[in-house]
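[1] sequence plus the predicted model coming up.
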Amino acid sequence: MSSSMLVIFSMLSDIDVSYKSVERLYSDMEVILAIHNLHILLLKKKGMNSSDATGDGTGYSLTIKRNYEAYT
């Protein structure tokens, strides 16, 4: 999740963040919290209060059960 937030943070802020520079910090909960809070602040600043997307960004949600039922 943190890597996704970092990519979105980079796109929203126009700050190029290399994956290697942050890779060592993933185990530090304070860093994860700081990135999360920056992400929320940037979204609020851009006026994005809600999203109709799912975790993969498509907007379509399928459960594993429904997915496997379609193939049986």
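    It's in.
[2] where does this protein have its least confident helix or strand?
    None of the helices or strands of the chain scores lower by mean pLDDT, DSSP states H and E than helix 64-70, at a mean of 58.
[3] show me where this protein has helices.
    Assigned helices in the chain, in chain order: 2-13, 19-23, 29-45, 64-70 (criterion: DSSP state H).
[4] now the ones you listed in JSON lines, with mean neighbour count?
    C-beta coordinates here come from the backbone N, C-alpha and C atoms, glycine included. Converted to JSON lines, the helices of the chain look like this (neighbours: other Cβ atoms under 10 Å):
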{"stretch": "helix 2-13", "mean neighbour count": "14"}
{"stretch": "helix 19-23", "mean neighbour count": "10"}
{"stretch": "helix 29-45", "mean neighbour count": "13"}
{"stretch": "helix 64-70", "mean neighbour count": "8"}
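[5] mean pLDDT lowest for which of those helices?
    Among the helices of the chain, helix 64-70 has the lowest mean pLDDT, at a mean of 58.
[6] quick check: L43 touching S13?
    No. Using Cβ atoms under 8 Å, L43 makes no contact with S13, being 11.1 Å away.
[7] quickly list what's touching both of those two.
    Here L43 and S13 share no contacting residue, scored by Cβ atoms under 8 Å, 6 or more residues apart in numbering.
[8] now L42. Nearest residue, chain neighbours left out?
    Nearest non-adjacent residue to L42, counting by Cβ to Cβ, 6 or more residues apart in numbering: L12, 4.7 Å away.
[9] ok, that neighbour - contacts?
    Going by Cβ under 8 Å, 6+ apart, L12 touches H39, L42, L43, K46.
[10] these two touch, right, the second one and M11?
    No. Counting by Cβ under 8 Å, M11 is not a contact partner of L42; they are 9.7 Å apart.
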